[in-house]
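Trainee: Provided below are the primary sequence and the corresponding predicted coordinates.
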Amino acid sequence: MSARVFRVGLTGGIASGKSTVAKFFAARGVPILDSDQVAREVVEPGQPPLERLVERFGRGILTPDGHLDRPALRNIVFADPRARADLEALTHPAIGAAMEALSARTGGPYQVLVLPLLVEKNLRSHVDRVLVVDCDEALQVSRLRERDGSSPGEIDGILRAQAPRAARLQAADDVLTNESDLNAVRDQVTALHARYLELAAQPRP
């Protein structure tokens with residue numbers, strides 16, 4: 001049985017710039033496996049996780065055409081830790097299995113797995129290296145306000161639901177700072193790409 005491809009777990013707080021960083025890696029030919037995208041796919045109509053969500057939360061979480069109404073579900077689980085735990089229990093196993101299957105058939109010199117909840121869900125064992133995209137919390141707040149029009153209360157709730165910045169940084173093998181211009185981000189990705197190619201070429205247990 002051949003060893004699986006070297007995997008970098010890309011994470012960071014909301015509005016830190018994970019998607020931007022992932023695009024720079026993709027431009028270098030690195031396969032990007034986005035857990036948010038996979039999470040959307042496993043709750044498509046006809047998929048067992050969606051059926052289980054309807055059993056738990058009711059048909060009010062569906063749009064008229066039978067798709068998941070994400071804002072409706074978000075409103076239910078946002079302020080209810082038990083509901084959020086149920087949501088994760090019903091979807092995360094399917095997401096994890098789909099990510100593993102996708103990784104196995106994708107190949108590549110190495111892979112970047114975009115895992116926003118890597119620290120919160122202790123997913124370190126699923127990757128070989130943890131890359132944290134980091135920025136000042138005040139910058140996160142301003143980006144959220146501009147991007148989503150979020151209120152101060154909503155932003156505070158979102159940030160408090162995530163792992164603290166210090167916990168993410170402690171979990172990092174590498175930190176990419178995204179506080180200035182895109183050229184600075186691109187340069188950091190260039191250096192990290194070279195490093196990851198070296199690490200991926202080394203024998204692993």
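Mentor: Structure received.
Trainee: give me phi/psi at Leu10?
Mentor: Main-chain torsions, Leu10, degrees, to the nearest 10: phi -100, psi 120.
Trainee: OK, contacts around it?
Mentor: Contacts for Leu10 (Cβ atoms under 8 Å, 6 or more residues apart in numbering) come out as 18, 21-22, 25, 112-115, 131, 133. (Each C-beta comes from the backbone N, C-alpha and C, glycine too.)
Trainee: in this protein, where is pLDDT below threshold?
Mentor: Applying pLDDT under 70 to the chain flags the ranges 1-3, 205.
Trainee: sorry, back to before: I'd like to know which of the contacts of Leu10 are part of strands.
Mentor: If you go by DSSP state E, those have 112-114, 131, 133 in strands.
Trainee: picking up where we left off before, between the contacts of Leu10, which has the most around it?
Mentor: Using other Cβ atoms under 10 Å as the neighbour test, the contacts of Leu10 are led by Val112, with 28 neighbours.
Trainee: one step back: what's the closest of the contacts of Leu10 to Gly149?
Mentor: Nearest to Gly149 among the contacts of Leu10 is Lys18, at 20.1 Å by Cβ to Cβ.
Trainee: for stretch 28-48, C-alpha coordinates in CSV please.
Mentor: As requested, the backbone C-alpha atoms of stretch 28-48 are provided in CSV (Å, rounded to 0.1, in the frame of the first residue of the first chain):
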residue,chain,number,x,y,z
ARG,A,28,1.3,26.7,-8.6
GLY,A,29,-0.4,23.4,-9.5
VAL,A,30,-1.2,22.3,-6.0
PRO,A,31,-4.5,20.5,-5.5
ILE,A,32,-6.8,22.3,-3.2
LEU,A,33,-9.3,20.2,-1.2
ASP,A,34,-11.8,22.6,0.4
SER,A,35,-13.8,21.1,3.3
ASP,A,36,-16.5,23.9,3.0
GLN,A,37,-17.1,22.8,-0.7
VAL,A,38,-17.2,19.2,0.3
ALA,A,39,-19.6,20.1,3.2
ARG,A,40,-22.0,21.6,0.6
GLU,A,41,-21.8,18.6,-1.6
VAL,A,42,-22.7,16.1,1.1
VAL,A,43,-26.0,17.8,1.9
GLU,A,44,-27.2,18.0,-1.7
PRO,A,45,-30.8,16.6,-2.2
GLY,A,46,-30.8,12.8,-2.0
GLN,A,47,-27.7,12.6,0.2
PRO,A,48,-28.2,10.8,3.5
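Trainee: quick one: it to chain centroid distance?
Mentor: Distance of stretch 28-48 from its chain centroid, counting by Cα atoms, centre = their mean, to the nearest Å, is 11 Å.
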